[in-house]
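Colleague: I would like the atomic coordinates for the input below:
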Amino acid sequence: MKQNIYLRILTILWVGIFTCSTPVMAATPDISGKWYGTWEMNELTGYSSNFSITFVGNTESGLWAETYVPELGLFNQYLPVTVTENEIAIGVDPYVMMSGVLDGDSISGTFYALTADDPPLTYTGFIYIEKDSGEGVFPGEAPGLQCDNLPPLFCMGSAEYCSELVLFEPRAGAGYVDSPEYPETNEDRYFSYLRRDLMQLVKYATAKVDCKAADWDYGNFAPMALSDMSEADGSTPGTFYNFFRHPPGTHEGGRDIDTGYYQLYATDNLLRPVCVHYEGYFDAGHCVEEPYGLDRWRQALYIAYLSEHPRVRVIGVDGQIGPVIEDALDTLVVSGWIDSGLRESIPLAYEGENTGMGWYLSHHHHMHTSMNTLHNIVTSIELNPGTLNRKSQGKYITAHIEFDEGIDVSQIDTGTVALILGGRTMLYAKSGQPAISDYNQNGIADLTLKFDRQKVVALLDNGRVEVSITGLADGSFFQANDTVRVLGKQHKGSSSKRDHPVFIPYARPGARDIGAIVH
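Modeller: Numbering: from 1, shown residues only. Below you'll find the model as predicted:
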């Protein structure tokens, strides 16, 4: 999705690198082996990428760093290394230099690089590097921490309300931060407008990862970085500047969002590659090897939690990342982190080869999530009874739904229709043939459905409570609202504020088109 914005510094001035004297070192800690790092550029807001260094040599022959920073023209280039106590310098002054403080198995510091432009340009920024321990990382023990105060999963309200395009606020919250990219700033987030329902889902999923994985014994525990959504009028980011950041037809109307990957060897989860993504100077934009910088367990959890919403259309990742996530999801099922039914419904898309679907390029540094839209096709809804007493032993609540003219209610699959309770649970209608009536006697056929009354009451708080109904009619997702009054003594732990499981039917609403990115 994201346009290739990589800065092409094709040549660094290497004069003198191999003619310089062998670096002289004092006694140093063992830094041999592979190190992975991230770097951020001062001159380009929001620009960050990854790199790797392999330290070779010794105090007698000299220490060298085999350096892979493709954006700076370094393709496994050997640079001299100087270590003094806990300070390290890599490179040749004044052409390219990375310097920092060695703290155990990490290095943090700064870099600069001189380009071959005429006149030369200097780029500066920050680096962070961690040593590859050679050991795998694993999730904690399932089911993780109890998460009682997650944001609601579902938007409560009408189709019009939940479809409203809004600025993603607040900019930072539990488990996420909206990270501006040039020409955006924290104050002017031109590309951060999203549908209300998708915004709510992202807040839910990031907060749930943040909570569930809070006691894992690895990782940077940093928030997920959010990136491009839509412009304020729903157009593709970059439209206002006549410089499209995505293919036409995507990121329109706030139904799409790009997010970073959860990462290893990094102090944050900004949008940056999590893999080797260059085979040569002019071959960029996709992983060419299995991702080394991906936190597969947190990423798989995030994808699973997004998929708890039945209107998620597709989740797209890089072709090398997809199989890694598939394996991680399978492991999370076996270990008890996610349900097998949820696993089977996850709409993950990726391309191992470029087949033209749009997932092959430019997903090495971000994941794309798209949600199906809602349509305002319900004329009226009434829930009966309108007052629910917890002492009652009644079996069902009945919903009478009237649709716009042209909708054939006899063709609606009742297995797609559900009540949204407390913003956290979807309770599906009783299975069987739909009842067709004219409940309000206006000459228009109504769809009449029944729902388990005891489950409804158990998942609602007392008082006048909003209830939404949603489903699929004639190929269009709909949503509408009514209210009920709940009375009686509420059992401890029955509050809708708790992290209730979602009741997922065998067949999720709507056929998911896990296909081309253009839609």
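
Colleague: Mind jotting down where the strands sit in the stretch 351-500 of the chain?
Modeller: All strands of the stretch 351-500 of the chain, identified by DSSP state E, counting those that start in this stretch, fall at 367-371, 374-375, 378-384, 387-389, 396-403, 418-421, 425-428, 435-437, 446-452, 463-473, 476-487.

Colleague: List the first helix or strand encountered after the biggest helix by length in the chain toward the C-terminus.
Modeller: With DSSP state H applied, the helix covering the greatest number of residues in the chain is identified as helix 196-212. Once the chain leaves helix 196-212, the next helix or strand it forms, by DSSP states H and E, is strand 224-226.

Colleague: Show me which positions of that next one end up buried.
Modeller: If you call a residue buried by 16 or more other CB atoms under 10 Å, then strand 224-226 has these buried ones: Met224, Ala225, Leu226. Every residue, glycine included, has its C-beta placed from N, CA and C.

Colleague: Return, as residue ranges, the portions of the stretch 251-400 of the chain with sub-threshold pLDDT.
Modeller: Scanning the stretch 251-400 of the chain for pLDDT under 70 picks out 279-284.

Colleague: quick revisit: could you point out which of the strands of the stretch 351-500 of the chain sits nearest Pro139?
Modeller: With CB to CB, the closest approach to Pro139 among those belongs to strand 367-371: 18.6 Å.

Colleague: Contacts for the closest one, please.
Modeller: Contact with strand 367-371 is made by 1, 195, 197-198, 201-202, 255-261, 299, 303, 306, 309, 311-317, 517, 519, as judged by CB atoms under 8 Å, 6 or more residues apart in numbering.

Colleague: Sitting in helices, which of the residues you listed do you find?
Modeller: When DSSP H is applied, the contacts of strand 367-371 are split such that Asp197, Leu198, Leu201, Val202, Gln299, Ile303, Leu306 fall in helices.

Colleague: Please identify the one among these that lies nearest to Pro434.
Modeller: Scanning those for proximity to Pro434, where the rule is CB to CB, the winner is Asp197, at 25.4 Å.

Colleague: is it true that Val101 touches Gly109?
Modeller: Yes. Under the criterion of CB atoms under 8 Å, Val101 makes contact with Gly109 at 6.1 Å.

Colleague: shared neighbours of these two, anything?
Modeller: Common neighbours of Val101 and Gly109 (CB under 8 Å, 6+ apart) are Ile88.

Colleague: ok, the two, which is more surrounded?
Modeller: Just comparing Val101 and Gly109: by other CB atoms under 10 Å the higher neighbour count belongs to Gly109, 18 against 12.

Colleague: and the gap between that one and Met98?
Modeller: Separation of Gly109 from Met98 (CB to CB, to the nearest Å) stands at 7 Å.

Colleague: Could you pull out the residues contacting both of the two?
Modeller: Contact criterion CB under 8 Å, 6+ apart; residues bridging Gly109 and Met98 by contacting each: Ile127.

Colleague: Could you check how far the nearest residue to Gly57 once chain neighbours are set aside is from Trp39?
Modeller: With CB to CB, 6 or more residues apart in numbering as the measure, Leu63 is the residue that lies nearest to Gly57, at 4.5 Å, once sequence neighbours are left out. With the distance defined as CB to CB, Leu63 ends up 21 Å from Trp39.

Colleague: my read: Ile257 touches Leu198, true?
Modeller: Yes. Applying CB under 8 Å as the test, Ile257 and Leu198 come out as touching, 6.4 Å apart.

Colleague: Find the nearest non-adjacent residue to Pro143, please.
Modeller: Among residues not flanking Pro143 along the chain, Gly336 sits closest, at 6.0 Å (CB to CB, 6+ apart).

Colleague: sec struct for the one you found, please.
Modeller: State at Gly336, reduced to three classes by DSSP: H, G, I helix; E, B strand; the rest coil: coil.

Colleague: where in the protein is pLDDT low?
Modeller: Along the chain, the parts satisfying pLDDT under 70 run over 1-29, 58-61, 279-284, 433, 491-519.

Colleague: residue closest to the middle of it?
Modeller: When CA atoms, centre = their mean is applied to the chain, the residue found nearest the centroid is Thr259 (4.5 Å).
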